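Undergrad: Sequence and predicted structure, then a few things I'm wondering about:
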Amino acid sequence: MEKISKANYKKYLKAAIKAENERTQEDKQLWRSYLEDFELIQGLAPIQKAEAWLKHVMTYKFVYDSLDWASQFIINKFADQEALIYFISRGVDCNNHVKKMVARLKEHKKESESFWNFLETKSDNELKFFGFQKKKTRTRKADRDASYYAALSRSSFSLANDDEAYTVASMIRTFQWCDIGGYDMVWREYANRLNEDVNRGGEINSEIASHMLFDVCRSDFAIEVMGDNLVKLLDIVEMPDYQLTIPWHRWNYDDISLRAGIKTNSIFAYAASIAFAERRLRQDKTNQELVEKALKWLLEVQEENGAWKISTLLDQPSIMGTCMVVHALAINKPKGWKLAVSQACSWLVSQQDNFGFWYESPFPSTDPIYLTVLVLDTLNLAEENPTLTFRIEEKYNTAEKTAQININGNVSRSTIIVGNDNTIQRKKKVKKV
């Protein structure tokens, strides 16, 4: 393997990031298109500006011609999920939007069923074109434009290794916050996939799994229905790499950085995910020694501008990484956390786009709607404001919840049931004993 100098490696990274940032500017213009009148938000405070953009997200659908047809379907029909979750969590009456969401989900269900019925008529060779196989083994991960259903429900591959797990979290959070029933098969499928990941001994990418843990642990309902298996995944994530002693210090497998002699990578987002998931999943029975070690290290490595990077491989601060660390600090409250998160929030506000949203590229790639809601939650966490899209004050006893709710049972709660005639009706579901 031909070696390269660390100076050349940094030049390579800088050039790659520059090229991606140029593409990013075009992408940002598309997200700005949600807001038709820029003058409406001038002079507003950061949170008000973000809320104005999110309101337009819920009411204005824009087809992105530059994206593949699968992404157009998702953005056009379901881009407003996180925006809807945000406003409901803030006490806004969104009943009309919820009804529209239910209608779209029902329409999508019909279209996806038709698509899978179509696949059933094809041979194995014909299915290769779509990136699927008929065997009952887990299907291969399809190309992004292979199927809008696979792209949305993400049911055809590992959940723990899903690098876009925030879409799964958004779907589950939507069922919870919008109080939508009739789609148990979706969250059961997610629960089953996670069950396979952690109990069948398959290979799990710990770095991707750590991000997945963070995203899914921001859903109270996901913790209820996946609790035990999320704890098992956390145990896997907390296992150090071979011959290393700290979970968030990982061996580096990237060819370019290895050629530059960079053998290990310290991942700040990984440490934050452990500290956050420990508190969310184990509550008072956390691995306190590991959590304290993670929090101490995160406080030590904060950038002068108040931000955190995703990892030591990437030279620029990260909006996503900073939000993850603030979540971990605010929910655990170690000594010195208030000053650290105050500085972090000042930096986050400085990164807001003039149109009100937050956007980050290239690493990690995250939907701006999801990222904007994540930042707004982060700002409230820093102020110890309990108004969030998840409930930090509610305690979860995983064993107890598992006895009440499992992937084969029913949840006892008032839900919206979608009737065959597309009517909306409220019904009290009775838990099966």
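TA: Okay, I see it. Numbering: from 1, shown residues only.

Undergrad: Over to residue 35. Which of the three states is it?
TA: coil (DSSP: H, G, I helix; E, B strand; the rest coil).

Undergrad: Counting neighbours, what do you get for it?
TA: For residue 35, the count of nearby residues is 21 (other Cβ atoms under 10 Å). The C-beta positions use only the backbone N, C-alpha and C, and glycine is treated the same way.

Undergrad: show me what contacts it?
TA: Remark: with contacts taken as Cβ atoms under 8 Å, 6 or more residues apart in numbering, residue 35 is in contact with 41, 52-53, 56, 355-356.

Undergrad: let's see it at 6 Å
TA: Applying Cβ atoms under 6 Å, 6 or more residues apart in numbering to residue 35 gives the contacts 53, 56, 355.

Undergrad: Now do stretch 184-192: distance to the chain's middle.
TA: Average the C-alpha atoms of stretch 184-192, do the same for its chain, and the two points are 17 Å apart (Cα atoms, centre = their mean, to the nearest Å).

Undergrad: circling back to that earlier point, can you tell me which of the contacts of residue 35 end up in helices?
TA: 53, 56 (DSSP state H).

Undergrad: now, which of the contacts of residue 35 sits nearest residue 282?
TA: Distances from residue 282 to the contacts of residue 35, taken as Cβ to Cβ, are shortest for residue 53 (36.2 Å).

Undergrad: Quick check, pLDDT for the spatially closest residue to that closest one that is not a sequence neighbour.
TA: Taking Cβ to Cβ, 6 or more residues apart in numbering, and ignoring the residues beside it in sequence, residue 53 has residue 356 as its nearest neighbour in space, at 3.4 Å. Looking at residue 356, its pLDDT reads 93.

Undergrad: now residue 4, what's its secondary structure?
TA: coil.

Undergrad: burial measure for it, as a count.
TA: When neighbours are counted by other Cβ under 10 Å, residue 4 comes out with 16.

Undergrad: Could you do residue 390 as well?
TA: The local packing of residue 390 (other Cβ under 10 Å) involves 21 other residues.

Undergrad: cool, and residue 202?
TA: Neighbours around residue 202, by other Cβ under 10 Å: 12.

Undergrad: do residue 359 as well
TA: The local packing of residue 359 (other Cβ under 10 Å) involves 20 other residues.

Undergrad: Not counting sequence-adjacent ones, nearest residue to it?
TA: Distance criterion Cβ to Cβ, 6+ apart; nearest residue to residue 359, sequence neighbours excluded, is residue 368 at 4.7 Å.

Undergrad: what does residue 8 give?
TA: For residue 8, ignoring the flanking residues on the chain, the nearest one in space by Cβ to Cβ, 6+ apart is residue 260 at 7.3 Å.

Undergrad: roughly how far apart are the one you found and residue 6?
TA: Here residue 260 is placed at a distance of 5 Å from residue 6 (Cβ to Cβ, to the nearest Å).

Undergrad: all strands in the stretch 201-350 of the chain, in order from the N-terminus.
TA: In chain order, the stretch 201-350 of the chain shows strands spanning 249-251, 264-266, 308-309, 317-318, with DSSP state E, counting those that start in this stretch as the criterion.

Undergrad: what's in contact with the last one?
TA: What it means is strand 317-318. Strand 317-318 is contacted from outside by 303, 307, 309-310, using Cβ under 6 Å, 6+ apart.

Undergrad: and with 10 Å instead?
TA: Residues lying outside strand 317-318 but in contact with it, judged by Cβ atoms under 10 Å, 6 or more residues apart in numbering, are 268-269, 302-311, 324-325, 344, 347-348, 351, 360, 363-364, 366.

Undergrad: So which of those residues are in helices?
TA: Among these, the members falling in helices (DSSP H) are 268-269, 324-325, 344, 347-348.

Undergrad: Please pick the buried ones from these.
TA: 268-269, 324-325, 344, 347-348 (16 or more other Cβ atoms under 10 Å).

Undergrad: just curious, which of these is nearest to residue 224?
TA: Each of those was checked against residue 224 using Cβ to Cβ; the closest is residue 324, at 22.2 Å.

Undergrad: nearest spatial neighbour of the closest one, skipping sequence neighbours?
TA: When the adjacent residues along the chain are set aside, residue 324 lies closest to residue 272, with 4.1 Å between them (Cβ to Cβ, 6+ apart).

Undergrad: wait, doesn't residue 276 sit right on residue 329?
TA: Yes. Using Cβ atoms under 10 Å, residue 276 is in contact with residue 329, at 9.1 Å.

Undergrad: related to what we said a few turns ago, is it possible to export the buried ones among the ones in helices among the contacts of strand 317-318 to JSON lines including pLDDT and distance to residue 126?
TA: Formatted as JSON lines, the entries for these read as follows, by pLDDT from 0 to 100; distance: Cβ to Cβ, whole Å:
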{"residue": "268", "pLDDT": "94", "distance to residue 126": "46"}
{"residue": "269", "pLDDT": "94", "distance to residue 126": "41"}
{"residue": "324", "pLDDT": "97", "distance to residue 126": "42"}
{"residue": "325", "pLDDT": "98", "distance to residue 126": "48"}
{"residue": "344", "pLDDT": "97", "distance to residue 126": "52"}
{"residue": "347", "pLDDT": "97", "distance to residue 126": "52"}
{"residue": "348", "pLDDT": "97", "distance to residue 126": "49"}
